[in-house]
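**Student:** what follows is a predicted protein model with its sequence.
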Amino acid sequence: MALPSQLQDELLKILQDHGHKKLDKPIQLASGALSSDFVDGKEALAEWKNLHTACKAIVETVTDAGHSFNAVGGLTMGADALAVGVAAVSDCRWFFVRKEPKQRGTRRLVEGAQIKNGDKVLLVDDVVTTGTSIFRALDAIDETGAETVAAVTLVDRSGLAAQGFEQRGIGYYPMTTYETLGIDPVTPVAADAVS
């Protein structure tokens, strides 16, 4: 594994200082698991300078790994700021995957750039525990015919998503993990929690 870059070190500090909260009592995460460590990627990156650092670190990591992309996105809301920020840093298109298709008008599942066959996509998300949300977005991207060339998360809380990406032949790059944040890994509620 490569040593973290200066940008990755800066991002880790941002997440530690602005995104990690140690709680008195465990709370239920979106995955269903309980944890006293809450990591809020959206709050951590609410200032443009912090979002800009994160997005530069993401682009650096993915391009250094040999990937190129012309669109970036993921499941709303975890991916929204990252998608727009990475698009600005790399001068490409952004999109969001809705949780459900729009019920009126275009009835789209994908908003923003209308990705299609021939597009090379960078899939992003803020915090991943079991991978359910990020794989849901990946499935929606696959339906468009676009190719997901790599996936990036700000924080991987369990290490479980890596298996799913490896099985699908997609490079996976968590910018930080439970280990680098110094928190306990989250264990899934059910063994079949990973998509």
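**Tutor:** Good, I have the coordinates.
**Student:** for Phe165, what are its contacts?
**Tutor:** Taking Cβ atoms under 8 Å, 6 or more residues apart in numbering, we find Phe165 in contact with 151, 171-172. The C-beta positions use only the backbone N, C-alpha and C, and glycine is treated the same way.
**Student:** what about the residue lying closest to Cys55 once chain neighbours are set aside, how many neighbours?
**Tutor:** Leaving aside its sequence neighbours, Cys55 sits nearest to Gly85 (Cβ to Cβ, 6 or more residues apart in numbering; 3.7 Å). For Gly85, the neighbour count with other Cβ atoms under 10 Å is 24.
**Student:** over to Glu147?
**Tutor:** By other Cβ under 10 Å, neighbour count at Glu147 equals 15.
**Student:** correct me, but it touches Val121?
**Tutor:** Yes: counting by Cβ atoms under 8 Å, Val121 is a contact partner of Glu147 at 6.6 Å.
**Student:** ok so, going back, wouldn't the residue nearest to Cys55 be in contact with His52 here?
**Tutor:** Yes: the criterion here is Cβ under 8 Å, and Gly85 meets it with His52 at 6.7 Å.
**Student:** tell me the buried residues in the helix or strand hosting Thr61?
**Tutor:** Element membership of Thr61 [criterion: DSSP states H and E] is helix 48-64. Buried residues in helix 48-64, defined by neighbour count with 16 or more other Cβ atoms under 10 Å: 50-51, 53-59, 61-62.
**Student:** ok, now stretch 81-90?
**Tutor:** 81-87, 89-90.
**Student:** which one of those residues is nearest Asp184?
**Tutor:** Nearest to Asp184 among these: Leu82, at 24.8 Å, using Cβ to Cβ.
**Student:** can you list the buried residues of helix 48-64 in JSON lines and add distance to Asp9?
**Tutor:** Listed next are the buried residues of helix 48-64 as JSON lines, based on distance: Cβ to Cβ, whole Å:
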{"residue": "Asn50", "distance to Asp9": "14"}
{"residue": "Leu51", "distance to Asp9": "17"}
{"residue": "Thr53", "distance to Asp9": "10"}
{"residue": "Ala54", "distance to Asp9": "12"}
{"residue": "Cys55", "distance to Asp9": "16"}
{"residue": "Lys56", "distance to Asp9": "13"}
{"residue": "Ala57", "distance to Asp9": "9"}
{"residue": "Ile58", "distance to Asp9": "14"}
{"residue": "Val59", "distance to Asp9": "16"}
{"residue": "Thr61", "distance to Asp9": "12"}
{"residue": "Val62", "distance to Asp9": "17"}
